[in-house]
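In: generate a structure from the sequence data that follows.
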Amino acid sequence: MYLCKLEIDMEASVSYFDFVIKHLEQFFSYTAFANFTPGHAIMIAVGLFFIYLAIKKEYEPLLLVPIGFGIVLGNIPFKPGFQIGIYETGSVFNYLYFGVLQGVYPPLIFLGIGAMTDFSALISNPKLMLIGAAAQLGIFGAYAIALLLGFSPSEAGAIGIIGGADGPTAIFLSSKLAPDLLGAIAISAYSYMALVPVIQPPVMKLLTSNKERLIRMKPPRAVSKTEKIMFPIIGLLLTAFIVPSALSLLGMLFFGNLLKESTVTKRLADTAKGPLIDIVTILIGITVGASTQATTFLTLKSVGIFVLGAASFVIATTGGVLFVKFLNLFLKEGNKLNPLIGNAGVSAVPDSARVSQVVGLQYDKTNHLLMHAMGPNVAGVIGSAVAAGILLGFLS
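Out: Residues are numbered from 1 along each chain as shown. Next comes the predicted model:
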């Protein structure tokens, strides 16, 4: 009897031990350790690098901190089926990502940009608009190269918009033309926007002579309140009638600017350029970052997009600088433009305008180009939205 009882106890112990081991194995299968791959490690390292650049180097911290943290969040491995990941229907991240996929967030960002942008420099010297248009060469140059590399026309159009140096526009267009490439395109666009102070100066110096860098431009004329109020109305009518496909971006941009310049809707303007744009920036940064799950993001196409993104920025900067040099052929002495403002035609506001100022001061510490560079800079915002509308109209 004693032996039988001992055997029963031993069997019970073994059964209990198997039960514990089985459930521990089941628990472990749900942890990130069981689903971890080298790709996840690579992407987490990329996210941490973005956070480092934002905090240590202060490269676009308002963008790179949310995006970097989102990359880390999106690459915590998990077992599918628990509504965790951004691509799983019903998950919290999937609901937040809806604003990216359906193009909801970019127009709200443009509303805030419009409410905080002063178009005075552009209004006082309208020919600066042409520089903003010339810098969009980066978009169409990258588009042509992408086609040559085998991307489809829709994919090439979405990739090309990186050259506009406008993250919201890149998200808007890629969500319409190539949603499967949205993460790579958005990360590439924001990465190179943050690296504008690194990418643009060598190109600017290579394409200009010392004499050209020392050109002094006339101070911009004073712009009346009436002109400032009329600009967003006229600007909307002119651009939207040409490219109605970009109406959501252009409409919100000019509406935000009207809220600012009318001076009778200060509360609305303050909300648009303050709490609203901050909230949307957080949401767009986190969700775009989280969309870079290693299982879907680490592909040869993603690598190609990053290479094309760098090329598009170089082409855009080149186009802007060379166009100013071309304009100077037709301008009299005293009215010539400093080619160092050509880089500001890309719409990385106000970073590319600051680059013009910094590079100009390296050659003449009394020659301040910032106000002049803001003209093509804000023109670039309009130009990138128009270019996106053109691509969307032709390729969708």
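In: only C-alpha atoms for contact and neighbour calcs from this point on.
Out: Will do.
In: closest to the centroid, which residue in the protein?
Out: G167 (1.9 Å; Cα atoms, centre = their mean).
In: hmm, it is touching A189, no?
Out: Yes: the criterion here is Cα atoms under 8 Å, and G167 meets it with A189 at 5.5 Å.
In: what's the local residue count around L147?
Out: 16 (other Cα atoms under 10 Å).
In: for P80, that is, sorry about that
Out: P80 - counted by other Cα under 10 Å - has 11 other residues nearby.
In: distance of A344 from G380?
Out: A344 sits at a distance of 8 Å from G380 (criterion: Cα to Cα, to the nearest Å).
In: what sits against the residue lying closest to M116 once chain neighbours are set aside?
Out: Sequence neighbours aside, K273 is the residue nearest to M116 in space, at 5.7 Å (criterion: Cα to Cα, 6 or more residues apart in numbering). Going by Cα atoms under 8 Å, 6 or more residues apart in numbering, K273 touches L111, G112, I113, G114, A115, M116.
In: try L283
Out: So L283 contacts L96 (Cα under 8 Å, 6+ apart).
In: gap between it and L250?
Out: Separation of L283 from L250 (Cα to Cα): 21 Å.
In: ditto for P275
Out: 21 Å.
In: ok, now N35?
Out: Shown here: N35 relative to L250, a distance of 44 Å by Cα to Cα.
In: please say which of these two ends up with more neighbours.
Out: Set side by side, N35 and L250 show more neighbours around L250, with 29 against 15, by other Cα under 10 Å.
In: what secondary structure does P220 sit in?
Out: coil (DSSP: H, G, I helix; E, B strand; the rest coil).
In: T31 contacts F78, correct?
Out: Yes: between T31 and F78 a contact is recorded at 6.5 Å, counting by Cα under 8 Å.
In: could you check which helix or strand contains P80?
Out: For P80, there is no helix or strand it lies in under DSSP states H and E.
In: kindly provide the distance from it to F98.
Out: The gap separating P80 from F98 is 20 Å, by Cα to Cα.
In: quick one: the contacts of K273 as TSV, columns for secondary structure too.
Out: As requested, the contacts of K273 are exported to TSV (three-state DSSP):
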residue	secondary structure
L111	helix
G112	helix
I113	helix
G114	helix
A115	helix
M116	helix
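In: write the ChimeraX selection for whichever of the residues you listed are buried.
Out: Buried residues within those, by 16 or more other Cα atoms under 10 Å, are selected in ChimeraX with:
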select :111,112,113,114,115,116
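In: ok, the contacts of K273 vs S262, which is closest?
Out: A115 (10.6 Å; Cα to Cα).
In: can you pull out the helices in the stretch 251-396 of the chain?
Out: 266-271, 277-290, 294-297, 300-328, 351-363, 370-395 (DSSP state H, counting those that start in this stretch).
In: let me know which of those helices is the nearest to S174.
Out: Once the helices of the stretch 251-396 of the chain are compared by Cα to Cα, helix 370-395 is nearest, at 9.5 Å.
In: what are the buried residues along that closest one?
Out: For helix 370-395, by 16+ other Cα under 10 Å, it's 370-392.
In: packing partners for it?
Out: helix 120-124, helix 128-134, helix 153-160, helix 167-177, helix 247-262, helix 351-363 (3 or more Cα pairs under 8 Å, 6 or more residues apart in numbering; DSSP states H and E).
In: in a markdown table, list these along with distance to K57 and mean pLDDT.
Out: Formatted as a markdown table, those follow (distance: least, Cα to Cα, whole Å; pLDDT from 0 to 100):
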| stretch | distance to K57 | mean pLDDT |
| --- | --- | --- |
| helix 120-124 | 29 | 93 |
| helix 128-134 | 28 | 92 |
| helix 153-160 | 27 | 93 |
| helix 167-177 | 20 | 92 |
| helix 247-262 | 30 | 96 |
| helix 351-363 | 14 | 95 |
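In: most packed of these?
Out: Neighbour counts (mean count of other Cα atoms under 10 Å) averaged over each of the helices and strands packed on helix 370-395 peak at helix 153-160, with a mean of 28.
In: using CSV, write down the CA coordinates of that one.
Out: Below are the C-alpha coordinates for helix 153-160, written out as CSV (Å, rounded to 0.1, in the frame of the first residue of the first chain):
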residue,chain,number,x,y,z
PRO,A,153,5.0,54.5,-62.2
SER,A,154,2.9,54.8,-59.0
GLU,A,155,5.8,53.7,-56.8
ALA,A,156,8.2,56.0,-58.6
GLY,A,157,5.9,58.9,-58.1
ALA,A,158,5.5,58.2,-54.4
ILE,A,159,9.3,57.8,-54.1
GLY,A,160,10.0,61.0,-56.1
